[in-house]
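**Q** sequence unknown, structure follows:
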């Protein structure tokens with residue numbers, strides 16, 4: 001059996017409400033050489049029934065014997081992946097038409113394998129699917145070194161590289177970096193992205209390729225406060241690790257921007273995500 005070019009990994013727990021939209025967004029892609037790896041973390045709703053209702057052989061459902069926790073489940077999904085490239089797509093997010101074709105095309109054209117990761121812009125949506133705003137690394141196509149991408153992302157005070165749905169990366173690099181290991185929960189994706197970017201360039205697409213859902217449960221003051229605390233700790237951690245070559249100025253700007261973003265989120269969540 002020939003391995004697929006791309007593995008789209010969907011770690012899920014009680015995701016019945018949105019997972020059909022997630023899977024449909026993959027199946028409708030113009031690019032077809034993929035597998036969908038769904039790892040169910042002992043859901044108590046009908047998530048598994050929704051997944052089993054599909055008859056597409058590219059969809060592979062794995063069910064954990066017990067609930068192993070969120071981060072280990074994300075890792076389990078990637079461990080099951082056999083594709084050359086990997087995308088982590090949370091079960092309440094989705095991708096737009098052309099996303100996979102555009103991202104894989106960039107990777108396949110890179111015969112010297114200088115690119116470690118391809119990212120695109122994404123819409124931030126609420127529980128109902130309403131678009132709140134969009135964000136991304138660049139509004140024009142560009143490619144920068146991994147170190148430049150890390151410095152720019154730190155200076156943003158948030159995550160402009162992309163959440164899982166907006167990114168694909170090489171599995172060969174993941175085998176070198178290891179899986180998600182961050183003990184700073186709200187930046188666990190950035191922790192892995194930065195490790196991957198130590199091994200190559202970041203290619204940014206100007207297109208909006210995915211949607212990232214912000215639920216009411218993530219809009220509480222306590223959650224926003226913890227997000228800022230984790231980002232502050234993470235920026236300081238990266239600065240102290242000389243392997244990342246983070247400048248003093250990037251650290252200072254990042255800490256200030258992180259504070260400013262926290263205040264902006266409080267206003268957004270208070271008046272938009274009621």
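**A** Happy to help now that I have it. What you are looking at is a predicted structure, and each value in this text was computed from that prediction instead of being measured. Numbers count the residues shown, from 1 in each chain.
**Q** tell me the contacts of the closest residue to residue 35 other than its chain neighbours?
**A** Nearest-residue entry for residue 35: residue 4, 4.5 Å, with adjacent residues in sequence omitted and distances by Cβ to Cβ, 6 or more residues apart in numbering. For glycine as for every other residue, the C-beta is placed from the backbone atoms N, C-alpha and C. Going by Cβ atoms under 8 Å, 6 or more residues apart in numbering, residue 4 touches 33, 34, 35, 58, 82, 83.
**Q** now the residues you listed: which count as buried?
**A** Among the contacts of residue 4, those classed as buried by 16 or more other Cβ atoms under 10 Å are 34, 35, 83.
**Q** show me where the stretch 1-150 of the chain has strands.
**A** 6-12, 34-40, 59-63, 85-88, 94-95, 115-125, 131-135, 142-144 (DSSP state E, counting those that start in this stretch).
**Q** just to revisit the earlier point, let's have the buried ones among the contacts of residue 4 in CSV, adding distance to residue 95 and pLDDT.
**A** Conversion of these to CSV gives the following (distance: Cβ to Cβ, whole Å; pLDDT from 0 to 100):
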residue, distance to residue 95, pLDDT
34, 11, 98
35, 15, 98
83, 15, 98
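**Q** neighbours of residue 56, how many?
**A** 11 (other Cβ atoms under 10 Å).
**Q** I'd like the distance between the closest residue to it other than its chain neighbours and residue 60.
**A** Leaving aside its chain neighbours, residue 56 sits nearest to residue 27 (6.4 Å; criterion: Cβ to Cβ, 6+ apart). Residue 27 sits at a distance of 14 Å from residue 60 (criterion: Cβ to Cβ, to the nearest Å).
**Q** what do those two both touch?
**A** residue 36.
**Q** neighbour count winner among the two?
**A** Taking other Cβ under 10 Å, residue 27 and residue 60 do not tie; residue 60 has more neighbours (16 against 13).
**Q** domains of this structure?
**A** 1-92, 95-274 (automatic domain parsing).
**Q** where among these is average confidence lowest?
**A** When those are compared by mean pLDDT, domain 95-274 comes last with a mean of 92.
**Q** now do the longest strand seen in the chain against strand 131-135, angle only.
**A** Ranked by residue count and defined by DSSP state E, the top strand of the chain is strand 201-213. On the basis of axes from the mean of the first three to the mean of the last three Cα atoms, to 10 degrees, strand 201-213 is oriented at 170 degrees to strand 131-135.
**Q** pull up the pairing partners for strand 201-213, direction included.
**A** According to DSSP bridges, strand 201-213 forms sheet pairs with strand 94-95 (antiparallel), strand 115-125 (parallel), strand 142-144 (antiparallel).
**Q** how far does it sit from the chain's center?
**A** 10 Å (Cα atoms, centre = their mean, to the nearest Å).
**Q** which other helices and strands contact the helix or strand following that strand?
**A** Downstream of strand 201-213, the first helix or strand assigned by DSSP states H and E is helix 221-240. Counting contacts by 3 or more Cβ pairs under 8 Å, 6 or more residues apart in numbering; DSSP states H and E, helix 221-240 packs against helix 146-156, helix 188-197, helix 248-271.
**Q** list the buried residues in the last one.
**A** Going back to what we said before, that points to helix 248-271. For helix 248-271, by 16+ other Cβ under 10 Å, it's 250, 251, 253, 254, 255, 257, 258, 261, 262, 265, 268, 269.
**Q** same thing with the first one?
**A** By neighbour count, and taking 16+ other Cβ under 10 Å as the criterion, the buried residues in helix 146-156 are 146, 147, 149, 150, 151, 152, 153, 154, 155, 156.
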